[in-house]
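Enquirer: heads up, no residue letters with this:
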């Protein structure tokens, strides 16, 4: 198998892994830890695809983890912001 054939096989495997992980996310119940690990695995799979298909474009694992953690914090902040009730002025 040539290096290019190996690269194409890797990309096909990453595609299959992405499809399987997305399917698992659709059927997962309320298990927060399982969902979190599956989402993280999906992020790493997508980044591995990028690193394989576009040499030099992929982030390091450390960069990816930092970016994912920043997004997690942002989503938590959005989820826990207090809801303000609209005040209707009566005439």
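Expert: In hand now; what should we look at? These numbers were taken from a predicted model, which means no experiment stands behind them.

Enquirer: mind listing what's buried in stretch 18-35?
Expert: For stretch 18-35, the neighbour count (16 or more other C-beta atoms under 10 Å) marks 18, 21 as buried. To be clear about C-beta, it is placed using only N, CA and C from the backbone, and glycine gets the same treatment.

Enquirer: what mean pLDDT does that stretch have?
Expert: For stretch 18-35, mean pLDDT is 88.

Enquirer: what about it, how long is it end to end?
Expert: One end of stretch 18-35 sits 14 Å from the other (C-alpha to C-alpha, to the nearest Å).

Enquirer: distance between that stretch and the chain's centre?
Expert: Counting by C-alpha atoms, centre = their mean, to the nearest Å, stretch 18-35 is centred 12 Å from the centre of its parent chain.

Enquirer: Use 631 as the first number for this chain going forward.
Expert: Noted, 631 is the first residue going forward, which turns the last one into stretch 648-665.

Enquirer: Give me the residues contacting it.
Expert: 668-669, 671-672, 675-676, 679 (C-beta atoms under 8 Å, 6 or more residues apart in numbering).
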